[in-house]
Structure formats: C-alpha cells, structure tokens
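Asker: Sequence below, structure please.
(one chain, ligands or ions: 2)
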Amino acid sequence: MKTASYAAQSATSPMAPHTIERRELRPDDVGIEILYCGVCHSDLHMARNDWGRAMYPVVPGHEIVGRVTAIGPDVKKFKLGDHVAVGCFVDSCQHCDQCHHGNEHMCREILTETYNGRDRVTGETTYGGYAKHIVVKDDFVLRMPDGLDLARAAPLLCAGITTYSPLRTWNVGPGSRVGVVGLGGLGHMAVKLAVGMGAHVTVLSRSKAKEADALALGADRLLDTSDAKALKAAANGFDVIIDTVPVKHDINPYIPLLDIDATLVLVGQLGNMDELFTVPAIMGRRRIAGSMIGGIPETQEMLDFCARRNILPDCEMIRMDQINEAFERMERSDVRYRFVIDMASL
Ligand code: NAP
Ligand code: ZN
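Answerer: Ligands and ions are numbered 1, 2, ... in the order given. Predicted coordinates:
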C-alpha cells in the first residue's frame, strides 16, 4: 500500500514529501492510520546522520498514536477502530531472555527500530511515523487507555517511557530526590512523571530562563548549572539524576550532587563524553548508568499510569509541512516542550 510521508533524502536535505510502500498485512499485523506523531530529538539526529548509520530516505517518527484500520487473521488483542500507539521499536527476536522478561528493547538479537531498522522478514528498511499509515506486528502495538487525550499523548511513547523506565528502575517514590538535567522533551516528562511518583524534583538547566516553567511543571526548584555556588550548595542532595542533554557535555559537575550510592542516569547523548574525574564517584560509591526507552509491558504500564494520574506532555501542535522549522527550533531548545504533528495535515 502506498502511503504519504515526509522523508530526509540525505543528511543535508530538508524534510520533504515522499511516498513509501507499507507491507501487506501478515497474519499477526495491525494496520494503523496515524493520527499524531511526536517529534523527538532522535528524529533530528537520524535525519542529519549524527550517529553515522542513517539509511536514506529516512522517514522519522517513533511517538505514534493512531486508529486500527485493518487486522490480520491471527490478531486477537485489537479490533478495528481501537486507539493504539507505537513507540521506538516494532519487532525483536521474541525468544531471548530479555524478550521473555518484557525487555524487548534490550533484545539480545537487537530490536527492530520503528525507523531506520531492518524488517526481520524481508530485510527492508523500516519507516516511521511521519506518515499516514503504518503496519506493525500486534505484540509491539500499545493500547491507548481510555481518558488519555490522544492529541497530547504521542510524546509518551518515547520521551515518556525513556524517563519513566529509569525512575522505576531506581525505585523513585515518595520523598525521592530527583534531578533532571535539560528541560526539553525528555526532561519535562521526567519532571512530570517523577512528581507523579511523589518525588522532590529539581531541574538542572543552563540558565534561570526556564525557572517559571519548571515550577509550573511541578518541580520544586530549578538549579542553574552555570552557577558554581548554587551547585556546591546542592552537593550530596540527590538519589537519582537523569541527564537528557543531547550533545557532548561535561558530566563532572553533576557527580558531587549525588548522595552516597546515588546514580546519574545518562539517557541523552550517544558518543564520547568529556573526560571523567573519578574521585567523587570512587569516594561516594556514586554510579553512572545509562538507560534506553523501555520494554512493551513497561510502556503499557507507563501509559496506564499517565491515564490514571492525567499526566500529559506539554505539546505544540504543528502541521507536517512545518517540520523543518520545528527541527530548527528544537535545535535551539525553542520548544515548550514537544512538537506533535497533526497527521490530518499530511
Ligand atoms: P530536546 O527536546 O532538544 O531537549 C534537550 C534539552 O537539553 C534542551 O531543552 C536543553 O535544556 C538541554 N540542552 C540542549 N543543548 C544543550 C547543550 N549544548 N548543553 C547543555 N544542555 C543542552 O531533546 P529530547 O527530545 O528531550 O532528547 C534529548 C536526547 O535524548 C537526544 O539526544 C535524544 O536522541 C535522546 N533520546 C534518548 C533516548 C533513550 O532511549 N535513551 C530516547 C529518546 C531520546 P536546558 O535549556 O534546560 O538546558
Ligand atoms: Zn525518541
């Protein structure tokens, strides 16, 4: 089936209209009409080939909310008309220990990414949610809980789960002291989710410019990371810090902020970091960890949690043809706090 989409044809070309082919339904496939798709910083990284592994044309988009329009004969979980969602991956081996534990994102045989992945049956490149339709194996489709505003929920599928998963892994709950570095798409979800779990939340931002926003999102305070005195006063004050910064940066200032045995979780930049000064980590048994999205069961748990607590991203709705401007604004951190494409505009 031919489907309208937006694609980058090279690292330097703007996003432009492009027609893709979606596969015929396999017996366990769900055909989805895409209603909304969030714009993640990873979309920009991939379109621009920041990670050196882009396969053009790249059709980004892994924060997908839509409606079921077709089902294969073996699909039992979904019916026509259901509201569903698709996140960052659309397949995995489904037989390794990690897949069995619902950690499909850490599949030993490597997950199949929603875009710029390789279909496990045909080897064809996968195309993401900047499109009218998508076809996904039923086990990798999420159910949208009743009561969650479809137009605002899309960013939960990446920004939401990427921050929910480390909060759960490091047992954040009432009274936990959580820091969030970088108040962007991921950062603002980390704030809302940690607040929802009862934590005391601090935003660590490059200036005071987002202070009012941080408080409005539910954070208790904002620390300006350019203010050495303020950082010193905050030493030993955190159980978990989630670092969402998308570019190479110096993490050394954050380590002394951790309490003994506390953890800095890197979820943003992929690649080399500035040199690490090991003393605060060694002296305080402080940990530096990484985390990537979350598995299907945890993603469903996060959606249900957000529906129960009415936790929703702050979205700026755009038309598909505004995507280039949105990318430029995201690069300047000029988004409060996630662009969402209304796919009716495509
Ligand atoms: P975003 O909306 O652009 O937000 C990033 C935030 O980082 C900005 O708002 C800014 O916050 C801060 N920042 C930006 N440039 C900076 C710089 N030069 N130095 C210090 N801070 C800077 O991006 P996003 O969509 O949240 O994505 C963040 C990163 O996470 C991306 O690299 C993305 O690829 C990655 N990601 C990872 C996963 C995963 O599974 N681990 C999943 C999704 C995305 P302030 O203005 O407050 O400083
Ligand atoms: Zn993403």
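Asker: all helices for the stretch 201-346 of the chain, in order.
Answerer: Taking DSSP state H, counting those that start in this stretch as the criterion, the stretch 201-346 of the chain carries its helices at 211-216, 228-233, 279-283, 296-309, 323-331.
Asker: how about the shortest one: buried residues?
Answerer: It stands for helix 279-283. Of the residues in helix 279-283, those buried by neighbour count under the rule 16 or more other C-beta atoms under 10 Å are 280, 281. Where you see a C-beta, it was placed from the backbone N, CA and C, and this is true even at glycine.
Asker: what does the stretch 201-346 of the chain put close to ligand 1?
Answerer: 205-206, 210, 244-247, 249, 267-269, 291-293, 330, 333, 335 (C-beta under 6 Å from any ligand atom).
Asker: Could you identify the buried members of these?
Answerer: For those, buried by 16+ other C-beta under 10 Å: 205, 210, 244-246, 249, 267-269, 291, 293, 330, 333, 335.
Asker: Mind checking which of those land in strands?
Answerer: residue 205 (DSSP state E).
Asker: List the contacts of the residue nearest to residue 31 when sequence neighbours are not counted.
Answerer: With C-beta to C-beta, 6 or more residues apart in numbering as the measure, residue 70 is the residue that lies nearest to residue 31, at 3.2 Å, once sequence neighbours are left out. Residue 70 sits next to 25, 30, 31, 80 when contact means C-beta atoms under 8 Å, 6 or more residues apart in numbering.
Asker: and the nearest residue to residue 271 once chain neighbours are set aside, how many residues sit next to it?
Answerer: Of all residues not flanking residue 271 in the chain, residue 248 sits nearest, at 6.4 Å (C-beta to C-beta, 6+ apart). Using other C-beta atoms under 10 Å, residue 248 has 11 other residues around it.
Asker: Kindly report the same for residue 259.
Answerer: Neighbour tally, residue 259, other C-beta under 10 Å: 16.
Asker: What is the burial count for residue 54?
Answerer: Neighbours around residue 54, by other C-beta under 10 Å: 19.
Asker: And whatever residue of the chain ends up closest to ligand 1, how far from ligand 2?
Answerer: Nearest residue of the chain to ligand 1: residue 184, at 1.7 Å (C-beta to the nearest ligand atom). Using C-beta to the ion, to the nearest Å, residue 184 is found at 11 Å from ligand 2.
Asker: Would you list the phi and psi of that residue?
Answerer: Here is the backbone geometry of residue 184 (degrees, to the nearest 10): phi -120, psi -150.
Asker: which residues touch it?
Answerer: 41, 244, 246, 330, 333, 335, 337.
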